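Asker: Test case, fold it:
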Amino acid sequence: RTKVRVTLTVVIFILAAHRYLDRTNISIAGVQLMPEFGISQQELGYILSAFLAGYGLFQIPGGWLAKRFGPRKVLTGGLLWWGFWTCAITVIHPSMAGAFWLIILVRFLLGVGESVMYPSSNQFTSTWIPTQERGKANGLIFAGTGTGAALTAPFITWLMVTYGWRESFWASAAIGIAAALIWYWYGRDTPEEHPAVNAEEVAYIKAGLTGGSKAAGEIPVPWGRLLTSKDVLLNAFAYFAFCWVAFIFLTWFFLYLAEARGVDLKSSAVMSMLPMGMMVVGSIAGGAISDWMSRKWSMRAGRCTFSAVTLALTAILLVVGARAADPLVATIVLAGGAGMLYLSQSAYWALAADFGGPHAGVVSGLVNMTGMVAATLTASITPWLGIHWGWEWAFYVGGALALAGAIAWLLVDPAHRIHHEEQVQVEG
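Answerer: Next up is the predicted model:
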């Protein structure tokens, strides 16, 4: 039996890692960007929020596009789009009228393009990955988050110090264009369309799908059931809590070490890699553990209880790390919190694919949109808390939300489906 689904999952992992390079490069470049443009730390938070606003607002449209046109075309278009807008920010100069607002606009449009990434990847999951493998598959895909974020700090710092922040953005865009060409050449929307997939792999995949045998784009989205589903909304709220904590690390941890802990620029770049590395480990390990627990006990144990426990432990580690006096100890404990958080990452997306079936892209878009609301708020509220209450309060608030997310997970029914019974795949 061929394993093309595994190879494609690895390719999407690489795309996800690159997306975080384009997404978080400005957090690192902010060290040079702020003095060049006369931007304050709070204003940099608004720039970060502009990206997240575009990214979050277009999650559901991105999911609909992936459902209608397929992840192969939509992801390729997205990669080219965000490569263009990554370059566009480099032509803005401080002497230009309204330069700050131009940066805001470009970052918003970059977010619009990147919004298709995870709805498309989960539309791919719904047609390529059988249910019993979705924890591992999503764990690998979302390990791209930590991998991209971990590599961004040293890579962008080196380019920025050696050449300048604009050159670092050009390099990011070039990588994206190459990735787009590779994905379009090798990717396909369904196993049946891929020339390297044999009949045994097609049969294995189809036997484990929760979607319909009918093409996803032809099935109307049951918007009423989707928007009123208790389980989808609880999953979305838990992801809100997850993203609030995650984006403290992804957008502010580098500057937190430099500003609040007094760590120099190069050391901050190295130390900020630790939470990102733990995210990678947590994402991959969490997906495997979630699948194993689901097979051994139940989907509730593997998806819901497991995620609730990891979020509760995340809250404890955030509080302990924030109160540590030594910067290295604080970094290690907080990195443990980031890794613990990411143990639950795959479960949100595995259930979104299960809940949605042929509408997985749309359900994933809704869940991720909710997460991006949290990310947008975190981008602005985190520095405000740091300035007015102290940086430890950013982690206290994150811990409180992690506990709320843990409670939400305990109320989710993993057996819920929003698609009609006649759309459930029955052929094996």
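
Asker: Arg5 reaches Ile129, doesn't it?
Answerer: Yes - counting by CB atoms under 8 Å, Arg5 does reach Ile129; the two are 6.1 Å apart. (Each C-beta comes from the backbone N, C-alpha and C, glycine too.)

Asker: Which neighbours do those two have in common?
Answerer: The contact sets of Arg5 and Ile129 overlap at 137, 205 (CB atoms under 8 Å, 6 or more residues apart in numbering).

Asker: More neighbours: which of those two?
Answerer: Ile129 (25 against 22; other CB atoms under 10 Å).

Asker: Please identify the buried residues of the one helix or strand in the chain whose mean pLDDT sits lowest?
Answerer: Here the helix or strand of the chain ranked lowest by mean pLDDT, DSSP states H and E is helix 265-271, holding a mean of 74. By neighbour count with 16 or more other CB atoms under 10 Å, helix 265-271 contains the buried residues 268-269, 271.

Asker: ditto for stretch 108-119
Answerer: Buried, per 16+ other CB under 10 Å, within stretch 108-119: 108-119.

Asker: So the nearest residue to Leu411 once chain neighbours are set aside, which state does it fall into?
Answerer: Nearest non-adjacent residue to Leu411, counting by CB to CB, 6 or more residues apart in numbering: Leu234, 5.4 Å away. Of the three states, Leu234 takes helix under DSSP: H, G, I helix; E, B strand; the rest coil.

Asker: For the protein, which residues score under the pLDDT cut-off?
Answerer: 210-218, 265, 419-428 (pLDDT under 70).

Asker: what's the single longest helix in it?
Answerer: The residue-count maximum for a helix in the chain (DSSP state H) belongs to helix 4-37.

Asker: which secondary structure elements does the helix or strand following that helix contact?
Answerer: The helix or strand immediately downstream of helix 4-37 is helix 41-57, counting by DSSP states H and E. With contacts defined as 3 or more CB pairs under 8 Å, 6 or more residues apart in numbering; DSSP states H and E, helix 41-57 has these neighbours: helix 4-37, helix 99-114, helix 230-255, helix 360-388.

Asker: So which of the buried residues of stretch 108-119 is the closest to Val245?
Answerer: Set against Val245, the nearest of those by CB to CB is Tyr118 (17.6 Å).

Asker: Spatially nearest residue to the closest one, not counting backbone neighbours?
Answerer: Asn368 (5.3 Å).

Asker: Return the set of buried residues in the helix or strand hosting Gly63.
Answerer: Gly63 belongs to helix 59-69 when elements are defined using DSSP H and E. For helix 59-69, burial by neighbour count (16+ other CB under 10 Å) applies to 59-68.

Asker: Show me the two of the residues you listed that sit farthest apart.
Answerer: Gln59 and Arg68 (14.9 Å).

Asker: residue contacts, Met34?
Answerer: Listed by CB under 8 Å, 6+ apart, the contact partners of Met34 are 40-41, 44.

Asker: That one and Ser121, how far apart?
Answerer: In this view, Met34 and Ser121 are 33 Å apart by CB to CB, to the nearest Å.

Asker: Using JSON lines, lay out the buried residues of stretch 108-119 together with distance to Ala143.
Answerer: Shown next, in JSON lines, are the buried residues of stretch 108-119 (distance: CB to CB, whole Å):
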{"residue": "Phe108", "distance to Ala143": "27"}
{"residue": "Leu109", "distance to Ala143": "27"}
{"residue": "Leu110", "distance to Ala143": "23"}
{"residue": "Gly111", "distance to Ala143": "22"}
{"residue": "Val112", "distance to Ala143": "25"}
{"residue": "Gly113", "distance to Ala143": "22"}
{"residue": "Glu114", "distance to Ala143": "18"}
{"residue": "Ser115", "distance to Ala143": "20"}
{"residue": "Val116", "distance to Ala143": "20"}
{"residue": "Met117", "distance to Ala143": "14"}
{"residue": "Tyr118", "distance to Ala143": "13"}
{"residue": "Pro119", "distance to Ala143": "18"}
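
Asker: Closest to Trp165 out of the residues you listed?
Answerer: Nearest to Trp165 among the buried residues of stretch 108-119 is Leu110, at 15.3 Å by CB to CB.

Asker: Relative to the centre of the chain, find the outermost residue for me.
Answerer: Ser95 (34.8 Å; CA atoms, centre = their mean).

Asker: which SS class is that one?
Answerer: Using three-state DSSP, the structure places Ser95 in coil.

Asker: Tell me which residues touch the closest residue to Trp85 other than its chain neighbours, please.
Answerer: Counting by CB to CB, 6+ apart, Trp85 lies nearest to Leu110, which is 4.1 Å off, once chain neighbours are set aside. Applying CB under 8 Å, 6+ apart, one finds that Leu110 lies in contact with 22-23, 51, 54, 82, 85-86, 89.

Asker: which residues touch the residue nearest to Leu411?
Answerer: By CB under 8 Å, 6+ apart, the neighbours of Leu234 are 408-409, 411-412.

Asker: Using CSV, lay out those together with secondary structure and distance to Leu351.
Answerer: Formatted as CSV, the contacts of Leu234 follow (DSSP: H, G, I helix; E, B strand; the rest coil; distance: CB to CB, whole Å):
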residue, secondary structure, distance to Leu351
Ala408, helix, 12
Trp409, helix, 10
Leu411, coil, 13
Val412, coil, 7
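
Asker: Name the member of those residues that has the highest neighbour count.
Answerer: Going by other CB under 10 Å, Trp409 tops the contacts of Leu234 with 29 neighbours.

Asker: sorry, back to before: and the gap between the residue nearest to Tyr118 and Asn122?
Answerer: Applying CB to CB, one obtains 9 Å for the distance of Asn368 from Asn122.
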